[in-house]
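The following block contains a protein sequence and its predicted model.
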Amino acid sequence: MAAKSYEGEKWFFPFEDDKEQGELVERVIDARCGYWTSKPMKKSDLPSGVKMGAPTDKNYYR
């Protein structure tokens, strides 16, 4: 049941070398399992309610 506690959470992880660019990571729960999705995004384009994560290497999500 702990996995469901993250359902719908969104996090932004800026890149270490460019804090305005990063990855938007979202928790998805489907009928079988939970998983995280990510997509590149600019900090200025983030929707409201997104939590900020620590800066990370830009190759971490690749």
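Looks like it came in fine.

Next one: the residue nearest the centre of the chain relative to Cys33, how far apart?
Residue closest to the average C-alpha location in the chain (C-alpha atoms, centre = their mean): Val25, at 1.7 Å. From Val25 over to Cys33 the distance is 16 Å, taken as C-beta to C-beta, to the nearest Å. Bear in mind the C-beta positions are built from the backbone N, C-alpha and C, glycine included.

what do you get for Lys10?
Distance from Lys10 to Cys33, by C-beta to C-beta: 19 Å.

Same check on Lys19?
32 Å.

Could you do Gly22 as well?
If you go by C-beta to C-beta, the gap between Gly22 and Cys33 works out to 25 Å.

more crowded one of the two?
More neighbours surround Gly22 than the other of Gly22 and Cys33, with 25 against 8 (other C-beta atoms under 10 Å).

secondary structure element for the more buried one?
Assigned by DSSP states H and E, Gly22 falls within strand 18-29.

angle of the helix or strand just after that strand against strand 18-29?
Next along the chain after strand 18-29, taking DSSP H and E as the criterion, comes strand 34-42. Put simply, strand 34-42 runs at 150 degrees to strand 18-29, going by axes from the mean of the first three to the mean of the last three C-alpha atoms, to 10 degrees.

what helices or strands is strand 34-42 leaning on?
With contacts defined as 3 or more C-beta pairs under 8 Å, 6 or more residues apart in numbering; DSSP states H and E, strand 34-42 has these neighbours: strand 18-29.

Pull up the pairing partners for the strand it packs on, direction included.
strand 10-15 (antiparallel), strand 34-42 (antiparallel) (DSSP bridges).

Put the alpha carbons of the first one into CSV.
In this case it means strand 10-15. Extracted C-alpha coordinates of strand 10-15, given in CSV (Å, rounded to 0.1, in the frame of the first residue of the first chain):
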residue,chain,number,x,y,z
LYS,A,10,5.4,15.2,-9.5
TRP,A,11,9.1,16.2,-8.9
PHE,A,12,11.4,18.4,-10.8
PHE,A,13,15.1,17.6,-10.8
PRO,A,14,17.2,20.4,-12.3
PHE,A,15,20.5,19.6,-14.0
